[in-house]
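Trainee: Okay, predicted coordinates and the sequence, questions at the end:
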Amino acid sequence: MASSTAFSSSVNFDLDELNQKFETAHPREVLAWSVENIPTGLVQTSAFNVDDIVITDILYRELKQQTPVIFLDTLYHFPQTLELVSKIVKVYNLNLKVYKTPDINSREEFAAKYGEALWDQDIAQFHQITKIEPLQRGLQELNTVAWITGRRRDQAVTRANMPIFELDNQGRMKINPIATWTRKETWAYVAEYGVIYNPLHDQGYPSIGDEPITTKVTTGEDERAGRWRGSQKTECGIHI
């Protein structure tokens with residue numbers, strides 16, 4: 001990666017320097033720097049997994065920021081996830097931005113247009129339609145300069161070398177403030193500050209995606225092992 005890359009006509013940061021500076025920093029320090037140095041065009045993307053909500057708590061409760069939060073409504077979320085989204089909106093007065101497949105408002109409509117269980121037939125197309133296109137549309141409509149994710153290095157071997165600050169393939173900055181944290185540290189934060197979270201996390205689902213393609217994880221597996229089980233897939237495509 002080049003040590004200095006322009007992702008905005010008016011902003012230029014040395015990513016190598018930033019990654020070195022914040023490697024041992026608390027996520028609130030990463031987020032505080034982000035809101036100070038990127039006052040406009042900063043958004044959070046959230047699937048409302050526990051790591052995402054920790055970031056939202058820091059932004060909204062500690063830093064008093066009304067950062068827009070993008071949620072991708074795939075129409076296939078667990079009911080518990082949708083209930084949690086409603087709660088989080090009320091608790092934080094969340095600046096929520098929901099994006100979904102255009103002109104499709106139910107699972108029945110989705111199946112009628114794209115076929116039953118598209119994820120079984122063509123998982124890449126399913127994610128392109130439900131996640132990748134809506135996300136890119138949302139980032140563009142919000143004039144995004146930088147977007148915040150809830151990824152950690154210890155979530156999977158494919159994320160082990162993830163930097164805190166990087167660029168996406170559109171040249172926007174991508175910020176991973178809890179990249180260096182472990183799952184234990186996330187849950188310690190939840191306990192300390194009473195952060196609400198999806199009850200499915202207590203039922204064997206450490207990483208929660210779409211209901212038809214998310215399974216429980218057993219002891220010793222990567223926490224993302226329940227996503228796309230039985231396939232070689234490790235990411236939905238958003239972070240590739």
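Mentor: Everything's here; your move. Residues are numbered from 1 along each chain as shown.

Trainee: Which parts of this protein are strands?
Mentor: 5-8, 11-13, 42-45, 69-72, 96-99, 146-148, 165-167, 173-175 (DSSP state E).

Trainee: would you list these in CSV and tack on mean pLDDT?
Mentor: Formatted as CSV, the strands of the chain follow (pLDDT from 0 to 100):
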stretch, mean pLDDT
strand 5-8, 43
strand 11-13, 75
strand 42-45, 98
strand 69-72, 98
strand 96-99, 98
strand 146-148, 97
strand 165-167, 94
strand 173-175, 96
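
Trainee: And the longest helix anywhere in the chain, what's buried?
Mentor: Of all the elements of type helix in the chain, the one with the most residues (DSSP state H) is helix 79-92. Within helix 79-92, the residues that qualify as buried by neighbour count (16 or more other CB atoms under 10 Å) are Gln80, Thr81, Leu84, Val85, Ile88, Tyr92. C-beta: built from backbone N, CA, C; applies to glycine.

Trainee: Test for you: state the pLDDT assigned to Gly226.
Mentor: Gly226 is assigned a predicted lDDT (pLDDT) of 64.

Trainee: just Thr149 next, same as before
Mentor: In the prediction, the pLDDT value recorded for Thr149 is 96.

Trainee: That one is in contact with Asp168, isn't it?
Mentor: No: taking CB atoms under 8 Å as the contact criterion, Thr149 and Asp168 are not neighbours in contact, 9.9 Å apart.

Trainee: Overlap in contacts, the two.
Mentor: Shared contacts of Thr149 and Asp168, defined by CB atoms under 8 Å, 6 or more residues apart in numbering, are found at Lys174.

Trainee: more neighbours, those two?
Mentor: Higher neighbour count among Thr149 and Asp168: Thr149, with 23 against 18, using other CB atoms under 10 Å.

Trainee: check contacts around that one.
Mentor: When contacts are counted by CB under 8 Å, 6+ apart, Thr149 is found next to Gln44, Thr45, Lys174, Ile175, Asn176, His239.

Trainee: measure the fifth one to Thr215 for me?
Mentor: According to CB to CB, to the nearest Å, Asn176 stands 25 Å off from Thr215.

Trainee: Specify which residue of the two has the higher count of neighbours.
Mentor: Applying other CB under 10 Å to Asn176 and Thr215 shows that Asn176 carries more neighbours, namely 24 against 15.

Trainee: Let me see the contact set for the more buried one.
Mentor: The neighbourhood of Asn176, defined by CB under 8 Å, 6+ apart, consists of Ile148, Thr149, Arg151, Arg152, Met162, Pro163, Ile164, Phe165, Glu166.

Trainee: could you dump those to CSV with distance to Leu96?
Mentor: Below are the contacts of Asn176 laid out as CSV (distance: CB to CB, whole Å):
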residue, distance to Leu96
Ile148, 14
Thr149, 17
Arg151, 20
Arg152, 23
Met162, 26
Pro163, 28
Ile164, 25
Phe165, 25
Glu166, 25
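
Trainee: of the residues you listed, closest to Gly209?
Mentor: Top of the list for closeness to Gly209, among the contacts of Asn176 and by CB to CB, is Arg151 at 13.6 Å.

Trainee: Surely the closest one is in contact with Pro163?
Mentor: No: applying CB under 8 Å as the test, Arg151 and Pro163 come out as separate, 10.6 Å apart.

Trainee: Common neighbours of the two, please.
Mentor: Between them, Arg151 and Pro163 share the contacting residues Asn176, Ala179, judged by CB under 8 Å, 6+ apart.

Trainee: Which of the contacts of Asn176 ranks first by neighbour count?
Mentor: Taking other CB under 10 Å as the neighbour criterion, Ile148 ranks highest of the contacts of Asn176 with 29 neighbours.
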